[in-house]
Structure formats: C-alpha cells, structure tokens
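>>> model this:
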Amino acid sequence: MKRTLILLLGLVLTLGLNAKIKYVFYFIGDGMGTNQVLAAEMYRAELQGGIGRVPTCMSQLAVSGQISTYSASNGITDSSAAGTCLATGRKTNNGMLSIGPKGDTITTIAETLKQQGWGIGIMTSVAIDHATPGAFYGHDENRSHYYEIGQQLIRSGFDFFGGAGFHYPQGKHDDKAENLYDLAEHAGYTIVRSYDEAQRHMRADRMIMVQPGDTGMVHSDCIGYAMDRHTENATLKQIVSTAIPFLERKYDRFFMMVEGGMIDYACHGDDGRAAIDEVWAMDEALEVAYRFYLRHPDETLIVVTADHETGGMALGNSDYTLNLQLLQYQQCSAWVLSDRFTALFKDATPTWEQAKQVWQESLGFWDQVEMTADEEAELRAAYDQAVRHESTDEKTMYKDINRLGDLGIAILNRKAKVGWTSRAHTAHAVPVFASGVGAELFTGWHDNSQVAPLILQAIRQADAKPRKSRR
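As a prediction, this is how the structure comes out:
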C-alpha cells in the first residue's frame, strides 16, 4: 500500500498543474525482450558479488507494462513491420515499411509532429536507413530498397539523423545513381563524421551525424558493438547528447526516436555478453534523456520499448543455477572472434595450441574459465574439421560467423547458464517503460499498435489542460 501511494504521488507530481508535453523521447531496443534487460541487470549484480539486479535507468522509470508484437502477416514480426507499427499505430506485413498491407501509405508519428511544427530527430546504433529508423520517415513495400529509403530520408526534411551511414549510398543496381551524401548536402544537410565535428556545427540548419568510415563509397551497417567499438566512433550516448541541444536550439517542441539497434545484432548471433553490453549502451543514452527530463518534468514524456524479442534468450538452461559473471571474461564480440579465427587460418594451418590461444585470450578459456574434458573435446573436434576444410561458417542475420568462434561463444553462454531457442525473432512480449507527462497511459498490457497513438493521446490531453501559474 505504501509503495502504491508513493507511485501515485509521483504521478501527480509528474503531471503537475503546468503539464504540457514539449519533449518526447521514444527509445526502441531492437530485439530487446524482458530477459535481455534482466540479464543486463543481473550480470552487473553478479560482477559486484551479489545476487539480484543492478537496475537500469529504463526499469526505474515511473510505470511499466508489456506489449505484444505480432505483425499483420504472422505471429512473429520482422523489424520493418514492427517498426511500422511503433511509428504509425498500424499493423502491416513483414517486409513492408510504413505501407499498409494493401499498399496504402501510412503517416508516421514523426511526420505528424513535423507537420505541427515540432523538431524531429531520428537516431540509431545501426544504419540510418535500417528498418526501425526508416519506418519513421520512409514508405516502401520492401525494406531492402535502401537507396530509395535513403532518398526519402533526405526528402523528409527532418532535422537530425544520427548513427551509422547509409547502407548503399551509391545505390545497389545503378552505377550512375547520385551518392546519397551528396544529395543530402544539396538538400541542406550538414554531414558530420565524429562527435567533435558535430559540436563544431551545432548551428547548422539540419544535420546527419555518421561515423568516420562512412565516406559515401562503402556499405555502412552499424557503429560497432560497445565491447569492440573503435574510439573514434561516436556512441549512441554521444549522438543523443548532440541531438538534444541541436533540436532545443531551434524548436520549442521536439520528438526524438532513439534505437538501440545492436541489441538485435547480438541476439541474432546468440551472443549473450554482446547483447548485455548493448542494453547498457542504450541505457546510457537513455540516462542523457532522463537528466533532461529532470530539468523539464512537466514538459517531457519518455517511452522505452522494443520492436520484438530476438533469440529466445533464457536465463537458466539446466540446473537451478545462474553464472552470468563468467561472461566478464569475453573480451570481444562473436564478430571479432570470428575474424580472429578466419585470419588465423588464412595463410597457413595453425596448430591446436595456436587455436587454443585465441579462445584463451578472447574468452578466458582454461585460465579464468575452467573447461571440462568434454568441452575441450568439442573444441578439438571443431578445430580438426577446420584443418580438414570441412568446417562451415554459422549463418546469422547480419554476418556469417566462423564455426570456431561461434562454438566458443556458445560454450561460454552455456557455462554462464544463458540459453537460446533461436537465431531469429520470437513472438515474446516485450517491455514498455515510461516517465513524464502521460506516462500512466502505458501501464499494463498493450499491443504495439497502441504505443504511438498513446504518445499522441498524451500530447493532446496535456495540450487541452488549462495552464495554471505556480504559486
């Protein structure tokens, strides 16, 4: 009862007499189910020698609930259908981007607010024309039409984009297609390729913030895993830290969609430690928005959710034990580990001891992580297959993983008691968290088609309330 009264008091104080939503932060953890959040929190607790949770910022927001994620065409959604639903409130078929099942164009929440004079920022840790960010400005029957979606990004007139660059900036099928970066600059966008460069152009009219390697000549996919990231690449936290003052300088009201896209990448590879680090990376970006909210509690709404769950992540895979702290010995993502093994076998046949050294340095095997005879035999069998050129890469959504690297990650996950049912999406419900004006609307169980309409409802309700002066 006491806790209920405290929560109710918090809602009253949050709504306030002067409540009017001027700032909306919409965070989407791609592939982030409840267990991904819980794993991140319980991993931190184990590192501190405890059992339980070190709460994320998102799980400490004022209210929480869950949402279902099915699409119009299947019980399991893809990111474009889920992104469409979160952006528009309408279900569509898998593979379609803010286009209805019958081909009609659906207006997004970002487009609606832009028409009403709001500043708009769209940012992500993956490519800015990927499915989730693309769903907020693009309309196409095929999410893979990256060049065309990139053209729509430029035509949107939105104020700020941040993340990795365009998937195919020069087009995939037309050698004469004009480079998207050139088109963007002609349309009035300032292209910046680092956090420091962005700070020098904060008075630009419109900005696209990408990474140093996104020069317009190569395929661009992501800003890199948090555990692997090159220091020159901007983090999602830095992108959000840039977007807030950029939009606030120009507009009385702004809307920001922020995607933690690399959570999905990690979970497609069943990479537990990488997924945990990506949850915390998005949460660090959320903390920037939350500090802004604390300065504007009567004018801000924060909503955090996910488009779907990926991997069927489970905490517990055998006996009644959890040993997440073993994941601390993983020094790189499955992607980097895969590249290390590929390089090892490139020019000569490595010895078994050389292969063991890669697992040892990358995953802590034999040193920090005790290996059983059966586990070593499993690794040796995979090594022998590779030597005989019988080993094949494990295919995942975004990268084919060298079998030796993939097996090492799988064994470490197994020993940490992290289970996976899939390398793809699942139909699991995902969390929704909210704080600020109208946050109470998100309590309980919802469908993903309700999230964007509830945000707009919160804005309308706050705008309709009489504004009273404080005494």
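>>> what about the strand ranked longest in the chain, average pLDDT?
Assignment by DSSP state E gives strand 119-127 as the longest strand of the chain. For strand 119-127, mean pLDDT rounds to 97.
>>> could you dump the top helix by length along the chain to PDB, C-alpha only?
The longest helix of the chain (DSSP state H) is helix 272-295. Taking Å, rounded to 0.1, in the frame of the first residue of the first chain, the C-alpha atoms of helix 272-295 are listed here in PDB:
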ATOM      1  CA  GLY A 272      24.900 -13.000 -24.600                       C
ATOM      2  CA  ARG A 273      27.700 -10.700 -23.400                       C
ATOM      3  CA  ALA A 274      27.400  -8.500 -26.500                       C
ATOM      4  CA  ALA A 275      23.700  -8.300 -26.000                       C
ATOM      5  CA  ILE A 276      24.100  -7.300 -22.400                       C
ATOM      6  CA  ASP A 277      26.600  -4.600 -23.300                       C
ATOM      7  CA  GLU A 278      24.300  -3.200 -25.900                       C
ATOM      8  CA  VAL A 279      21.400  -3.000 -23.500                       C
ATOM      9  CA  TRP A 280      23.600  -0.900 -21.200                       C
ATOM     10  CA  ALA A 281      24.800   1.200 -24.100                       C
ATOM     11  CA  MET A 282      21.200   2.100 -24.900                       C
ATOM     12  CA  ASP A 283      20.500   2.700 -21.300                       C
ATOM     13  CA  GLU A 284      23.400   5.200 -21.100                       C
ATOM     14  CA  ALA A 285      21.900   7.100 -23.900                       C
ATOM     15  CA  LEU A 286      18.500   7.000 -22.100                       C
ATOM     16  CA  GLU A 287      20.200   8.500 -19.000                       C
ATOM     17  CA  VAL A 288      21.000  11.600 -21.100                       C
ATOM     18  CA  ALA A 289      17.400  12.000 -21.900                       C
ATOM     19  CA  TYR A 290      16.400  11.300 -18.300                       C
ATOM     20  CA  ARG A 291      18.600  14.000 -17.000                       C
ATOM     21  CA  PHE A 292      16.900  16.400 -19.500                       C
ATOM     22  CA  TYR A 293      13.600  15.200 -18.200                       C
ATOM     23  CA  LEU A 294      14.600  16.000 -14.600                       C
ATOM     24  CA  ARG A 295      15.100  19.600 -15.700                       C
END
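>>> got the buried residues for it?
For helix 272-295, the neighbour count (16 or more other C-beta atoms under 10 Å) marks 272-286, 288-290, 292-293 as buried. Any C-beta I mention is one placed from the backbone N, CA and C, and that applies to glycine too.
>>> picking up where we left off before, what's the angle from the longest strand of the chain to helix 272-295?
170 degrees (axes from the mean of the first three to the mean of the last three C-alpha atoms, to 10 degrees).
>>> next SSE after strand 119-127?
helix 131-134 (DSSP states H and E).
>>> quick one: that next one to chain centroid distance?
11 Å (C-alpha atoms, centre = their mean, to the nearest Å).
>>> what mean pLDDT does that helix get?
98.
>>> ok, and what's touching that helix?
28, 30, 78-80, 82-83, 86, 97-98, 122-124, 126-127, 140, 143, 149, 152-153, 161, 163, 257, 259, 261, 307 (C-beta atoms under 8 Å, 6 or more residues apart in numbering).
>>> which SSE is immediately downstream of that helix?
Sequence-wise, the next helix or strand downstream of helix 131-134 (DSSP H and E) is helix 146-156.
>>> which other helices and strands contact the next helix-or-strand element following that next one?
The helix or strand immediately downstream of helix 146-156 is strand 160-164, counting by DSSP H and E. Judged by 3 or more C-beta pairs under 8 Å, 6 or more residues apart in numbering; DSSP states H and E, strand 160-164 is in contact with strand 119-127, strand 206-209, helix 236-250.
>>> neighbouring strands for strand 160-164, and are they parallel or not?
In the sheet, strand 160-164 lines up against strand 119-127 (parallel), strand 206-209 (parallel) (DSSP bridges).
>>> name the residues of that strand that come out as buried.
For strand 160-164, by 16+ other C-beta under 10 Å, it's Phe160, Phe161, Gly162, Gly163, Ala164.
>>> quick one: the residues you listed as a markdown table, columns for pLDDT and distance to Arg53 too.
As requested, these are exported to a markdown table (pLDDT from 0 to 100; distance: C-beta to C-beta, whole Å):
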| residue | pLDDT | distance to Arg53 |
| --- | --- | --- |
| Phe160 | 98 | 34 |
| Phe161 | 98 | 34 |
| Gly162 | 97 | 30 |
| Gly163 | 95 | 29 |
| Ala164 | 93 | 31 |
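>>> what pLDDT is listed against the residue nearest to Val288 when sequence neighbours are not counted?
Nearest residue to Val288 in three dimensions, chain neighbours excluded: Val240, at 4.8 Å (C-beta to C-beta, 6 or more residues apart in numbering). Confidence at Val240, expressed as pLDDT, is 98.
>>> also Asp347?
pLDDT at Asp347 comes out at 84.
>>> from Glu353, how far off is it?
Counting by C-beta to C-beta, to the nearest Å, the gap from Asp347 to Glu353 is 17 Å.
>>> now do Gly162
45 Å.
>>> again with Glu370
Distance from Glu370 to Glu353, counting by C-beta to C-beta: 19 Å.
>>> which of those two has more neighbours?
Higher neighbour count among Glu370 and Glu353: Glu370, with 11 against 8, using other C-beta atoms under 10 Å.
>>> quick one, phi psi at Tyr195?
In terms of degrees, to the nearest 10, the main-chain angles of Tyr195 are phi -60, psi -40.
>>> and what of the one 4 residues further on?
With angles defined as degrees, to the nearest 10, Gln199 sits at phi -60, psi -30.
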